[in-house]
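Visitor: Show me how the following folds:
(chains A and B)
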Amino acid sequence: MSARPSTLAFLLLGSLLAAFAACFTDAVWLRAERGPELVSMRLLAAQLGLSDLALFTEARYTRHPAQADLHSGFQDHPLALEHFPSGSLMVPRYDGLVREATTPD
Amino acid sequence: MTVWFEKQRHLIDFTLASLIRRKGRNLGLLFVYTLLVFVLASVMLYTHALRHEAAVILEGSPEVLLQRLVAGRHDLIPPGYIERIGTVRGVQQIRGRLWGYYYDSVVKANYTFMVPEDGSVAKGTLVVGPALERERGLARDNGISFRAYSGQLFSFTVAAVLPQASELASADLILMNEGDFRAFFAYPAGHYTDVALSVANPKEVRNVANKLANLLPDSRPILREEVQRTYASVFDWREGIMLALLSAAILAFSILAWEKASGLSADEKREIGILKAIGWETGDVIRMKLWEGGLISLTAFLVGFVAAYLHVFRAGSPLFEPVLKGWAVLYPRFDLVPVIDGLQVATLFFFTVFPYMAAVLVPIWRAAVTDPDAVMRA
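Guide: Residues are numbered from 1 along each chain as shown, chains lettered A, B, ... in the order given. The predicted model follows:
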């Protein structure tokens, strides 16, 4: 006798729910496994005084966005329109500096 | 309870049989629905994990960085500057940092040269980042030459390679000795690239930054908090861009789902009419259709989410790599630490599963309350 369609549906949904729950368990496991790497990266950042991630290495204002010129729209030379692809993925500038600068920065 | 459960099972049996009758259409819908959840969940998981990773790594970054600006551009810190910073009350440790960029025309990549404060790199040697090891085929004890901006050729030996685990922070780094750095970039003695300092009382960081800006009007203090906020907004922005690009796909899917769910075909209308004519109640018809919507949307959500998790955290997000890589030759290969935000998952569930179920419900209810004869004749 073949199984009822509802039984198959329950089995499918049950396995999918189990896989969904397994993602969270796996996340805990991976966190424990990769956690020390993150700590070592933080130590390296502290030791070398790193201020940025090496995510985009194509231009200096994408390699070190935290230290890029603040008010220079065209950072390479006048009329240098944004031409690096990652420039379109980055915020154009800081969002609202909390610090009240008394001098131009 | 058993009676209720058995009734629901029969409804599900009937629903599945009806879905299988139109399997091409329903499987297509399920595929597109799953794909949409997969892409949305991938963006969400990736961005959240990266944002968390950046926050943790940058906790170790300097509390305040001080740049000197000339004509709005970053300039070198001249001798005497560091001593003046030392006079500001609250400033604890001050160190001049030496770092710069170098474009390597061999692999057409930009490197970040840096001098570690502890002087751990011996003269004539380099410590290189893992991406550089990969792209230039470098290994420990290999020799490498770089042509300086002055035109002079400098040769170095690779003393070590930074651990692969640190790639997100150090992919393109080249650590070198201070003497080598000054000679290579022709840096004047006593000059630094910028200054990193720490503040005795963390609550005073902002005040100290203001004092520094007043004391040295040509300087620009960058607080760690600002750096962290910059990164948080970089990832928010990127998530926004991705979602904006996806919005066309989301809209297309919404139209498809709405059309499929809300516009009943003549077959479906006749089916409802027959069911009502043979004695099904309006509630039963609605329940059956709710099961249909629920089964499709729940399956799509679960399959899409699990696939997104595997894509981001187990497969290294291969689909996002070309987007993030841009024109960069040196791109870090990194495994993200999975951090899943329950609220985000709940939001994704709410916005993908519920609208579909609602879209299913309204027309069914309208058809189910109509006279069976009228429905069948329509």
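
Visitor: Give me the pLDDT value at residue 94.
Guide: Just so you know, I chose chain A. At A:Tyr94, the pLDDT value in this model is 49.

Visitor: nope, chain B please
Guide: 91.

Visitor: Just the element for the residue nearest to it when sequence neighbours are not counted, please.
Guide: Counting by Cβ to Cβ, 6 or more residues apart in numbering or on different chains, B:Leu197 is the residue found nearest to B:Ile94 once chain neighbours are left out, at 4.6 Å. For the C-beta atoms, the positions are set from N, CA and C on the backbone; glycine is no exception. B:Leu197 is part of strand B:194-199 when elements are defined by DSSP states H and E.

Visitor: does B:Val360 really touch B:Met288, like I thought?
Guide: No - using Cβ atoms under 8 Å, B:Val360 is not in contact with B:Met288; the gap is 10.5 Å.

Visitor: quick one: low-confidence parts of the chain?
Guide: Went with chain A since none was named. Per-residue confidence for chain A (pLDDT under 70) gives these ranges: A:1, A:69-105.

Visitor: switch to chain B, that's the one I care about
Guide: For chain B, the stretches flagged by pLDDT under 70 are B:1, B:238, B:260-263, B:324-327, B:375-378.

Visitor: Helix or strand: which one has the residue nearest the centre of it?
Guide: Nearest to the mean C-alpha position of chain B, by Cα atoms, centre = their mean, lies B:Thr47 at 2.4 Å. In the assignment (DSSP H and E), B:Thr47 maps to helix B:23-58.

Visitor: Which SSE is immediately downstream of the longest helix along chain A?
Guide: Longest helix in chain A by number of residues, with DSSP state H as the criterion: helix A:5-48. The helix or strand immediately downstream of helix A:5-48 is helix A:60-63, counting by DSSP H and E.

Visitor: As PDB, could you dump the C-alpha coordinates of that next one?
Guide: C-alpha atoms of helix A:60-63 as PDB (Å, rounded to 0.1, in the frame of the first residue of the first chain):
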ATOM      1  CA  ARG A  60      42.700  53.700  -1.500                       C
ATOM      2  CA  TYR A  61      39.300  55.100  -0.500                       C
ATOM      3  CA  THR A  62      37.800  51.700  -0.800                       C
ATOM      4  CA  ARG A  63      40.700  49.900   0.900                       C
END
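
Visitor: got the contact list for B:Phe235?
Guide: B:Phe235 sits next to B:47, B:50-51, B:54 when contact means Cβ atoms under 8 Å, 6 or more residues apart in numbering or on different chains.

Visitor: Spatially, which two of those are the most separated?
Guide: Taking Cβ to Cβ as the measure, the contacts of B:Phe235 span a maximum distance of 10.5 Å, between B:Thr47 and B:Ala54.

Visitor: Now do the same contact list for the residue lying closest to B:Val37 once chain neighbours are set aside.
Guide: Once flanking residues are discounted, B:Val37 sits nearest to B:Gly304: 2.7 Å by Cβ to Cβ, 6+ apart. Taking Cβ under 8 Å, 6+ apart as the criterion, B:Gly304 is in contact with B:33-38, B:40-41, B:352.

Visitor: and stretch B:81-94, which residues are buried?
Guide: Neighbour-count burial for stretch B:81-94, counted by 16 or more other Cβ atoms under 10 Å in any protein chain shown, picks out B:81-82, B:85, B:88, B:91, B:94.

Visitor: in the stretch 251-378 of chain B, which spans are strands?
Guide: Shown for the stretch 251-378 of chain B, no strands are assigned by DSSP state E, counting those that start in this stretch.

Visitor: What residues does it have near chain A?
Guide: Contacts of the stretch 251-378 of chain B with chain A, taken as Cβ under 8 Å from any Cβ of the partner chain, map to B:295, B:298-299, B:302-303, B:305-306, B:309, B:313-314, B:323-324, B:326-332, B:335-340.

Visitor: which of these are buried?
Guide: B:295, B:298-299, B:302-303, B:305-306, B:309, B:313, B:324, B:326, B:328, B:330-332, B:335-340.

Visitor: Report how many residues lie close to residue 11.
Guide: Since you didn't name a chain, this refers to chain A. 11 (other Cβ atoms under 10 Å in any protein chain shown).

Visitor: try chain B instead
Guide: When neighbours are counted by other Cβ under 10 Å, B:Leu11 comes out with 20.

Visitor: what does the one 4 residues further on give?
Guide: B:Thr15 is flanked by 23 other residues according to other Cβ under 10 Å.

Visitor: so what's it up against?
Guide: So B:Thr15 contacts B:288-289, B:291-292, B:295 (Cβ under 8 Å, 6+ apart).
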